[in-house]
Structures are given as C-alpha cells and as structure tokens.
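A.B. asks: coords please:
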Amino acid sequence: MHDEMLSHFDDCIARMLLLRDRLSAARRVEPGERHETVLAAIAVAERFAHQADQTLTKPFPPVREPSRALTTANTAALSS
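C.D. replies: Numbering: from 1, shown residues only. Okay, the predicted model is just below:
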C-alpha cells in the first residue's frame, strides 16, 4: 500500500505542477483559461482523493492461520 500511495502522490503532484506552469506562463491569457485550469486542478485533486480512498479501503490480504500440528506442538512445549 505504501508504494501505491506514493505513486498516487507523485502522479497528483506532477499533474498539479503542469497546471501551475500553465497558470504562471508569461503570456497573454485567453478569456476563461484560468477558470478552466482551476477546474482541471480540482479534477486532479478529486482523482487523487478517489485513488487514495480506493487504496486505503482495499481489504487486507488474509492472515494465514498456523497449522494445527504447529499449534499443538507449541502448546505442548509451553506446558512442559
């Protein structure tokens, strides 16, 4: 899960930096361009939130139960 979350962060940050570059470019801005860029940033944040939520709510892998023979042997060893 750790690697997956880092990947989500990296993807989000990379996308946000591209949008930031678009906003900070030294050029004439078209009408509505800033608004569209901010809406795109919101979409990136929502995507991150969804991916992070999916990662956090994944079920954990099942825990293997020790074999009965090992459990019986351990119990016998502890009681002697």
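A.B. asks: kindly state the pLDDT recorded for the residue lying closest to Lys58 once chain neighbours are set aside?
C.D. replies: Among residues not flanking Lys58 along the chain, Met1 sits closest, at 7.3 Å (Cβ to Cβ, 6 or more residues apart in numbering). In short, each C-beta sits where N, CA and C put it, glycine included. Listed pLDDT for Met1 reads 74.
A.B. asks: separation between Met1 and Asp10?
C.D. replies: 15 Å (Cβ to Cβ, to the nearest Å).
A.B. asks: then Val38?
C.D. replies: Applying Cβ to Cβ, the value for Val38 to Asp10 is 22 Å.
A.B. asks: hmm, back to that, could you tell me how many residues sit around the residue nearest to Lys58?
C.D. replies: Neighbourhood size, Met1 [other Cβ atoms under 10 Å]: 9.
A.B. asks: where exactly do the helices run in this protein?
C.D. replies: 2-24, 33-56, 68-79 (DSSP state H).
A.B. asks: tell me which residues in the first one are buried?
C.D. replies: The one in question is helix 2-24. His8, Cys12, Arg15, Leu19, Arg22 (16 or more other Cβ atoms under 10 Å).
A.B. asks: do the longest one as well
C.D. replies: For helix 33-56, the buried set under the neighbour-count rule, 16+ other Cβ under 10 Å, comprises Thr37, Ala41, Val44, Phe48, Gln51.
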